[in-house]
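dropping a prediction and its sequence here:
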Amino acid sequence: MKTSNKIIASLVGITIIIMAVAVEVLDKDYVIPADNLPLAAKSYVQDNFPGGTIAYAKMKNDIYTTSYEVRLNNGFELEFDSSGSITDFED
């Protein structure tokens with residue numbers, strides 16, 4: 001009985017460690033080229049900020065979703081969901 005409890009406790013501990021590592025690996029932000037943004041996001045910037053250019057773009061990953069953060073050369077910050085639809089806007 002004691003051996004089986006130790007095995008179960010060890011398995012639970014290993015599972016927790018694996019999950020923590022997976023969260024750390026999957027929950028990352030990456031600077032990406034503007035060309036790697038979804039087409040809808042690039043179109044939104046071109047249509048709504050004709051004089052603006054993308055200063056940088058980030059792909060933000062968490063376990064469940066991917067989103068994009070874009071900063072324009074005029075200081076505006078935009079956020080898009082994984083399909084390129086606008087979700088947030090800051091000036």
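Okay, I see it.

how about the closest residue to residue 65 other than its chain neighbours, phi and psi?
Using Cβ to Cβ, 6 or more residues apart in numbering and skipping the chain neighbours, the partner closest in space to residue 65 is residue 82 (6.4 Å). Just so you know, the C-beta spots here come from the backbone N, C-alpha and C atoms, and that holds for glycine as well. Backbone torsions of residue 82, given as degrees, to the nearest 10, read phi -60, psi -20.

and residue 82, how many neighbours?
Burial of residue 82 is recorded as 14 neighbouring residues (other Cβ atoms under 10 Å).

what sits against it?
Contacts for residue 82 were tallied using Cβ atoms under 8 Å, 6 or more residues apart in numbering; they are 38, 65-68.

next, the buried residues of stretch 55-72.
Neighbour counts over stretch 55-72 (16 or more other Cβ atoms under 10 Å) mark 57, 59-60, 67-70, 72 as buried.

distance-wise, check the nearest residue in space to residue 66 that is not next to it in sequence relative to residue 53.
Excluding the flanking residues, the one nearest residue 66 by Cβ to Cβ, 6+ apart is residue 82, at 4.4 Å. Distance from residue 82 to residue 53, counting by Cβ to Cβ, to the nearest Å: 23 Å.

ok, now residue 87?
Residue 87 sits 21 Å away from residue 53, going by Cβ to Cβ.

count of neighbours near residue 52?
That count, for residue 52 with other Cβ under 10 Å as the rule, works out to 16.

that one: what secondary structure?
For residue 52, the assignment made with DSSP: H, G, I helix; E, B strand; the rest coil gives coil.

contacting residues around it?
Residue 52 is in contact with 45, 72-74, 76, counting by Cβ under 8 Å, 6+ apart.

which residue ranges of this structure form strands?
Counting by DSSP state E, the chain has strands at residues 29-32, 54-61, 66-72, 77-80, 86-90.

would you turn those into CSV with mean pLDDT and distance to residue 8?
Supplementary listing: the strands of the chain in CSV, determined by pLDDT from 0 to 100; distance: least, Cβ to Cβ, whole Å:
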stretch, mean pLDDT, distance to residue 8
strand 29-32, 92, 37
strand 54-61, 94, 33
strand 66-72, 96, 36
strand 77-80, 97, 43
strand 86-90, 93, 43
